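Participant: Build me a model from this:
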Amino acid sequence: MRRGMLLNLVLTNKEGLVEDVKVGGSLGCSDDEMVEFRILPGGSRALSRITASDFRRANLGLLKDLLGGIPWVGALEGRAVEDSWSLFKHPFLHVQDRCIPLSKKSGKGGRTPAWMSKELLAKFKYKRKVYGMWRERQVTWEKYRNIVRECREVMRKSKDHLELNLAMDVKGIKKGFPKYINRKWKTRENVGALLNEVGALVTEDTERVEFLNAFFASVFTAKAGPQASHFLEERKEAWRK
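Facilitator: Okay, here's the model as predicted:
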């Protein structure tokens, strides 16, 4: 406020984020009035509880021994695909939980950049250490500034080196460039809608799983019946469309 004229606005993107807005008083010799308000905290951030199997810490030797001790040949003899899978699934999941630990699944923010190396990571850690020392007045500002410039230059060269290697190997058999592009996707594409045997779209997750499972099992049947033959013909027509 200035002499009764409105000069500034307090804008928020959430109702109730700002409260106790007060206008009054001036700072020093200025004729502008001060605006005081209080910002309410948004609360704690919701933590992701998604876990995934950590195969780096898996005991694959124990998993092989436990699964190898089951007489699978006699247990699966004469059984259909669905029965064999049901019989195999439960002991396999039990052994998997025992031999493969779980870890929190990190999002894209938790991934290490492709240009980050061990040497560069060590430099960044040293820069943070020197920053703490500068805050405690143990080193000069000039020394910390030189380290920041050095890390910035090394990071730029590391990115240029990565792009050069990707450009040189793009026509080879290496998968560096496709892997680098896939890391840039913000979202990953899921399985889209499917066409069932009658030509209707299947969109629900459970229905799509059951549909793909039935199609997978039909491939391993010894002899396709009339219903399976009709199913395969419908699928060929759907793929042509």
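
Participant: For the lengthiest strand in the chain, name the packing helices and strands.
Facilitator: The residue-count maximum for a strand in the chain (DSSP state E) belongs to strand 18-26. When contacts are defined as 3 or more C-beta pairs under 8 Å, 6 or more residues apart in numbering; DSSP states H and E, strand 18-26 packs onto strand 33-39. Quick note: C-beta positions are derived from backbone N, CA and C, even for glycine.

Participant: model confidence over the strand it packs on, on average?
Facilitator: Averaged across strand 33-39, pLDDT comes to 79.

Participant: circling back: what residues of the longest strand of the chain count as buried?
Facilitator: Within strand 18-26, no residue counts as buried by 16 or more other C-beta atoms under 10 Å.

Participant: tell me the mean pLDDT for that strand?
Facilitator: For strand 18-26, the mean confidence score works out to 79.

Participant: Direction included, what does it pair against?
Facilitator: Note on strand 18-26: by DSSP bridges, its sheet partners are strand 33-39 (antiparallel).

Participant: thinking again about what came up before, how far is the longest strand of the chain from where the chain is centred?
Facilitator: 43 Å (C-alpha atoms, centre = their mean, to the nearest Å).

Participant: And for stretch 79-97?
Facilitator: The answer for stretch 79-97 is 29 Å, by C-alpha atoms, centre = their mean.

Participant: quick one: contacts of it?
Facilitator: Residues outside stretch 79-97 that contact it (C-beta atoms under 8 Å, 6 or more residues apart in numbering) are 53, 63, 66-67, 70, 72, 75-76, 217, 220-221.

Participant: So which bits of the single longest helix found in the chain are buried?
Facilitator: Counting residues, the longest helix found in the chain (DSSP state H) is helix 141-168. Neighbour-count burial for helix 141-168, counted by 16+ other C-beta under 10 Å, picks out 144, 147, 155, 158, 162, 166.

Participant: so what's the residue lying closest to the fourth one once chain neighbours are set aside up against?
Facilitator: When the adjacent residues along the chain are set aside, Ser158 lies closest to Trp115, with 4.6 Å between them (C-beta to C-beta, 6 or more residues apart in numbering). If you count contacts by C-beta under 8 Å, 6+ apart, Trp115 has them with 155, 158-159, 161-162.

Participant: Please parse this structure into its domains.
Facilitator: 1-42, 51-104, 113-182, 194-240 (automatic domain parsing).
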